[in-house]
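S.K.: Could you look at this predicted model? Sequence included:
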Amino acid sequence: MKLLLKIWRQKDGSSKGKLVDYPIDGIEGDMSFLEMLDVLNQELIEKGDEPVVFDHDCREGICGSCSLMINGEPHGPDRLITTCQLHMRRFNDGDTIVIEPFRATAFPIIRDLMVDRTAFDRIQQAGGYISVNTSGNTVDANAIPIEKAKADESFEAASCIGCGACVAACKNASAMLFTSAKVSQFALLPQGKVEATDRVQNMVRQMDLEGFGNCTNTGACEVECPKGISLENIARMNREYLMATAKG
Amino acid sequence: MSGLAKTSVARKVVMALSGLFLVLFLILHVTINLTSVISPDTFNTMSHFMGYNPVVQFLMQPILIAGVIVHFVMGIVLEIQNRKARAVRYVKFAGGASAPWVSRNMIITGLVVLAFLGLHFYDFWLHEMNYKFVQANPEDPTRYYAETVEKFAPIWRTVIYVISFVLLSLHLWHGFASSFQSMGINNKYSSGIRSFTRLYAIVVPLIFIFIALYHHLNPITH
């Protein structure tokens, strides 16, 4: 398969970036998108050029490291997968593929296609946890009876891998799907209710401080999320927030 | 205004509540307007009541104007923040692959409706203020029907009204159901809310369009 890659190259956060054309040949349909980039980087290294910098780790769709805006969609054109799970058979011989980083003011570019997504970590640190005394008397979580439907909903929210596709897909670069998933996974469980008021207020405050945009309910985040996190989580976070505000 | 609603969630709730208030107001507006087609006398009576009842004039009307101002100022505040949140745009962005045009372009449909409101206020509200308070004319409960029909005589105004109602329809198509999501309502009733939103977004603007065209095509002959 012969392709023309148009890849965003940017030396660092303060430099000006641009799309650079890279014709590539010999790509097989069974290769993953990241393997295709590995092939390109090998060629660049052999030519003495700088390889393209991109994030990756597990390469099996669970770590949330890989990103990439592929032809204008986060993680490419397929649904419910990450970039590392995208295969080149999805493209045709002769295609042009535009590859950009996830763009948001809160995700500054580190280099080329790699962005700094630690804003998500700071949102998580603002309240995405439960305080448990681990001094030896910790109660087994499974000892608390939890309604199956609630446990499942909580699990689904917790399956968010924090990749940032929601932010990348949102026309407003809003992080509400991520934040709401992290709020929801606790809001649905009895262990999470104790700190619910502070949690939602602190996490929303941090989300705003990071400079993410506002949710306008387009639903793009839900469609592009590789884990299928639902918009219901955003509604739940809004509810939690309103209740927390009412409590003061 | 962003001081009133300090967080993104609160700002969206303000947007939703003011929008829902305007959605409710539209039902009242379209009902009164429809009487101009069915019964000019009823239209005159209702219009006179709306124009001279002190509760409507000095309580309801300022609340309505405040609702409009809050909705559009907050909309613009949100739009500015959203643009800042992605200061460097994508070279290629396939927004249409994951979200419909109407949901991604509320600012466009909203600004067109806002521009239309400028004309609408000039046509009717300013006219009323001038008639009642500047010229200090005596009350005339029979004038409203003729004044309204006369407004739709020029084709340009009728066309502007019709186009604006189409844009209003698109704005409602996303905005009405979206406001429930913003207020945290996403449950088993949501598909019903979405269906009602679509019905509302089509029927109400269509009635407004029908009224405008009806008066344009049926002028008062002197």
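M.R.: Structure's in. What do you need? Numbers count the residues shown, from 1 in each chain, chains lettered A, B, ... in the order given.

S.K.: need the contact list for residue 81.
M.R.: No chain in the question, so chain A it is. When contacts are counted by CB atoms under 8 Å, 6 or more residues apart in numbering or on different chains, A:Ile81 touches A:61, A:75, A:226. All C-beta spots, glycine's among them, are computed from the backbone N, C-alpha and C.

S.K.: I was thinking of chain B, sorry if that wasn't clear
M.R.: Counted by CB under 8 Å, 6+ apart, B:Gln81 has contacts A:213-214, B:8.

S.K.: Tell me which residues of the longest helix seen in chain A come out buried.
M.R.: Using DSSP state H to define each element, chain A has its longest helix at helix A:232-247. Neighbour-count burial for helix A:232-247, with 16 or more other CB atoms under 10 Å in any protein chain shown as criterion, is recorded at A:232-242, A:244-245.

S.K.: For ChimeraX, write the select line for the buried members of the contacts of B:Gln81.
M.R.: Selection of the buried residues among the contacts of B:Gln81 in ChimeraX, burial being defined by 16+ other CB under 10 Å:
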select /A:213,214 /B:8
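
S.K.: Could you report the neighbour count for B:Arg104?
M.R.: In terms of burial, B:Arg104 registers 19 neighbours under the definition other CB atoms under 10 Å in any protein chain shown.

S.K.: circling back to that earlier point, what about the longest helix of chain A, near chain B?
M.R.: Yes - using CB under 8 Å from any CB of the partner chain, we find that helix A:232-247 touches chain B at A:232, A:234-242, A:245.

S.K.: got a markdown table for the contacts of A:Ile81, with secondary structure, neighbour count and pLDDT too?
M.R.: Converted to a markdown table, the contacts of A:Ile81 look like this (DSSP: H, G, I helix; E, B strand; the rest coil; neighbours: other CB atoms under 10 Å in any protein chain shown; pLDDT from 0 to 100):
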| residue | secondary structure | neighbour count | pLDDT |
| --- | --- | --- | --- |
| A:Gly61 | coil | 19 | 96 |
| A:His75 | coil | 28 | 98 |
| A:Pro226 | coil | 26 | 98 |
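
S.K.: Tell me which other helices or strands the helix or strand that A:Leu5 is a member of touches.
M.R.: Per DSSP states H and E, A:Leu5 falls inside strand A:3-9. If you count contacts as 3 or more CB pairs under 8 Å, 6 or more residues apart in numbering or on different chains; DSSP states H and E, strand A:3-9 packs onto strand A:18-24, strand A:96-100.

S.K.: looking at these, which is buried most?
M.R.: A comparison of those by mean neighbour count, using mean count of other CB atoms under 10 Å in any protein chain shown, puts strand A:96-100 on top with a mean of 20.

S.K.: Going along the chain from that one, find the next helix or strand for me.
M.R.: Next element after strand A:96-100 (DSSP H and E): strand A:109-111.

S.K.: what sits against B:Ser98?
M.R.: For B:Ser98, counting by CB under 8 Å, 6+ apart, the contacting residues are A:73, A:169, A:218-220, A:223-224.

S.K.: and these, which of them are in strands?
M.R.: Among these, DSSP state E puts A:Glu73 in strands.

S.K.: restrict the contacts of B:Ser98 to contacts with chain B.
M.R.: Near chain B, by the rule CB under 8 Å from any CB, you find A:73, A:169, A:218-220, A:223-224 out of those.

S.K.: Buried residues in the helix or strand of chain B with the lowest mean pLDDT, which are they?
M.R.: Using mean pLDDT, DSSP states H and E, helix B:126-129 stands out as the lowest-scoring helix or strand of chain B, at a mean of 93. Along helix B:126-129, these residues count as buried under the neighbour rule (16+ other CB under 10 Å): B:Glu128.
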